[in-house]
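1. mind looking at a prediction? Sequence and model below.
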Amino acid sequence: MNYGITIRKYNVENGKVTAPTRENLKRQMLTLHKKFKRTDKIITEYTIEKDPCGCGYHVHMKVQHEDSNTLLNRLSKFIGGNGWKEINNLEYPIYECNGKYGKIKVFRIKNNIRFSRYINKIGLSKHLF
């Protein structure tokens, strides 16, 4: 199944919260993909965009993964979260997790081509196999 993911990541050092740089987010996305790849088949497409407020960056991802529970568990560990909140949508629910190191929203993609166009609106996305 294909899932759309939005990640807003934070760095926490000595109690101070800062936004990661674009390069730091690229490394974190590669690390996240490698952790999934160790045990699961996964295809990832992602892009990094500047936040509308101009105070940092966020990530849009399209992930092809078979097991939603494994996906949600690994993503919650990635941000230091411990529980998912379900937001009812018309067709598919949206899952949201707030953690110590960020926030994540996960949803099923209804139209792959339209979502790929959406994440490529600013620049080209990166594909990881």
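-> The structure has been received and is ready for your questions. Numbers count the residues shown, from 1 in each chain.
2. now whichever helix in the chain runs longest: buried residues?
-> Longest helix in the chain by number of residues, with DSSP state H as the criterion: helix 22-39. Along helix 22-39, the positions that meet the burial threshold by neighbour count (16 or more other C-beta atoms under 10 Å) are 25-26, 28-29, 32-33, 36. C-beta coordinates here come from the backbone N, C-alpha and C atoms, glycine included.
3. out of the residues you listed, which comes closest to D51?
-> L25 (11.6 Å; C-beta to C-beta).
4. list the contacts of the closest one.
-> By C-beta atoms under 8 Å, 6 or more residues apart in numbering, the contact set of L25 is 9, 48, 57, 59.
5. and the nearest residue to the last one once chain neighbours are set aside, what element?
-> Here the nearest residue to V59 in space, its sequence neighbours aside, is I7; by C-beta to C-beta, 6 or more residues apart in numbering that works out to 4.3 Å. Secondary structure here is read from DSSP states H and E; on that basis I7 sits in strand 2-9.
6. okay, and the beta partners of the residue nearest to V59?
-> Under the criterion DSSP bridges, I7 forms beta bridges with V59, I104.
7. kindly report the same for the one 4 residues further on.
-> With beta bridges defined as DSSP bridges, N11 has these partners: T18.
8. tell me the contacts of it?
-> For N11, the contact set (C-beta under 8 Å, 6+ apart) comprises 17-20, 24, 101.
9. gap between V12 and K50?
-> When C-beta to C-beta, to the nearest Å is applied, the distance between V12 and K50 equals 21 Å.
10. least trustworthy helix or strand in the chain by mean pLDDT?
-> Every helix and strand in the chain was compared by mean pLDDT, DSSP states H and E; the lowest is strand 11-13, with a mean of 86.
11. can you redo the contacts of N11 as TSV with pLDDT?
-> Below are the contacts of N11 laid out as TSV (pLDDT from 0 to 100):
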residue	pLDDT
V17	88
T18	89
A19	90
P20	92
N24	94
Y101	93
